[in-house]
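Visitor: 3D, please:
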Amino acid sequence: MFRDFDLILRERCRVRPDRPLLVGVSGGADSLCLMAVLQEAGYPLIVAHFDHTLRPESGADAEKVRAFAEKRGLPFVLGSGDVLGKPSVAAYSVSAGARSKIEAAGGRVLTIRELMDE
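Guide: Next up, the predicted model:
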């Protein structure tokens with residue numbers, strides 16, 4: 001399994017195992033699992049969480065991710081901001097707002113869905 005996963009990351013996603021990989025972790029099971037699998041596969045990780053502050057429990061989500069990263073010995077970075085600050089569009093979502101901010105900062109967003117499609 002890890003061989004196929006590694007092949008997809010290297011060839012399709014152009015992820016390099018010799019460079020740190022910033023992995024966005026929401027605190028949900030899928031992103032926590034992705035973080036664990038990437039670490040088990042040997043990728044040097046920096047765990048990032050973005051607190052969108054839209055829910056009262058969003059701070060607890062950030063703490064959960066920080067604690068999970070710390071337990072695994074991984075560096076953790078936290079950001080926060082208004083993801084709905086764009087002009088209102090019916091189809092606009094929180095995840096689209098977060099993606100927009102990441103890409104505006106020069107980052108590349110690779111979702112679990114994109115990995116599964118490979």
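Visitor: Strands of the chain, start to end?
Guide: Along the chain, counting by DSSP state E, strands occupy 21-24, 45-51, 76-80.
Visitor: Name the surrounding residues that touch the last one.
Guide: Put plainly, it is strand 76-80. Outside of strand 76-80, the residues within contact range by Cβ atoms under 8 Å, 6 or more residues apart in numbering are 22, 46-53, 62, 65-66, 69-70. Just so you know, the C-beta spots here come from the backbone N, C-alpha and C atoms, and that holds for glycine as well.
Visitor: Likewise for the second one?
Guide: Contacts of strand 45-51 from elsewhere in the structure, counted by Cβ under 8 Å, 6+ apart, are 20-27, 35, 38-39, 58-59, 61-62, 65-66, 68-69, 74-81, 83, 98, 101.
Visitor: go again using 7 Å as the cut-off
Guide: Applying Cβ atoms under 7 Å, 6 or more residues apart in numbering, the contact partners of strand 45-51 are 20-25, 35, 38-39, 58-59, 62, 65, 69, 74-80, 98.
Visitor: Let me know the angle separating it from strand 76-80.
Guide: If you take axes from the mean of the first three to the mean of the last three Cα atoms, to 10 degrees, strand 45-51 sits at 20 degrees to strand 76-80.
Visitor: and strand 45-51, which residues are buried?
Guide: Buried residues in strand 45-51, counted by 16 or more other Cβ atoms under 10 Å: Leu45, Val47, Ala48, His49, Phe50, Asp51.
Visitor: Equivalent analysis for stretch 67-75, please.
Guide: For stretch 67-75, by 16+ other Cβ under 10 Å, it's Phe68, Ala69, Leu74.
Visitor: would TSV of those with pLDDT be doable?
Guide: TSV is the format used below for the buried residues of stretch 67-75 (pLDDT from 0 to 100):
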residue	pLDDT
Phe68	94
Ala69	94
Leu74	93
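Visitor: of these, closest to Phe5?
Guide: Using Cβ to Cβ, Leu74 comes nearest to Phe5 of the buried residues of stretch 67-75, at 18.2 Å.
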